[in-house]
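**Q** this one's structure only:
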């Protein structure tokens, strides 16, 4: 029986020791794999970010050009409206001045 007890205790000790060593090795391998995965994800993220920045840069350049064009058109429209208003005021003043001159001639 003593051999059987020795076998059982040795088996249990080996199982516990093997579990500890396996757990430690598993943690180390998983951590290393995690670091590799993180580096790959970071490199993919960086390349994606650089591509996105390039696209965003092109878009913002196009958006800037488009916004400049829209602003230019808006200003041209406002200048046209101002010119029309100035012409209307000139006509009204000419009519008022013309009427004033005619009234002065009658007196």
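**A** That came through, no problem. Keep in mind it's a predicted model, so treat the numbers as computed, not measured. Residues are numbered from 1 along each chain as shown.

**Q** contacts and neighbour counts: CA atoms only from here.
**A** OK.

**Q** Can you pull the poorly scored residue ranges out of the chain?
**A** Residues of the chain meeting the criterion pLDDT under 70: 1-5, 52, 54, 56-60, 62, 97-107.

**Q** Please repeat the previous calculation with a cut-off of 90.
**A** By pLDDT under 90, the low-scoring segments of the chain are 1-15, 17-19, 21-71, 90-107.

**Q** where do the helices sit along it?
**A** According to DSSP state H, the chain carries its helices in the segments 2-106.

**Q** tell me, how many neighbours does residue 67 end up with?
**A** As a burial measure, residue 67 scores 13 neighbours (other Cα atoms under 10 Å).

**Q** what's near enough to touch it?
**A** Contact criterion Cα atoms under 8 Å, 6 or more residues apart in numbering gives no residues in contact with residue 67.

**Q** and the gap between it and residue 16?
**A** According to Cα to Cα, to the nearest Å, residue 67 stands 71 Å off from residue 16.

**Q** Could you do residue 75 as well?
**A** In this structure, residue 75 and residue 16 are 83 Å apart, going by Cα to Cα.

**Q** cool, and residue 82?
**A** Per Cα to Cα, residue 82 is found 92 Å from residue 16.

**Q** Check residue 66 too.
**A** Distance of residue 66 to residue 16, computed by Cα to Cα: 71 Å.

**Q** ditto for residue 95
**A** Separation of residue 95 from residue 16 (Cα to Cα): 111 Å.

**Q** can you check residue 90 too?
**A** Going from residue 90 to residue 16 by Cα to Cα gives 104 Å.
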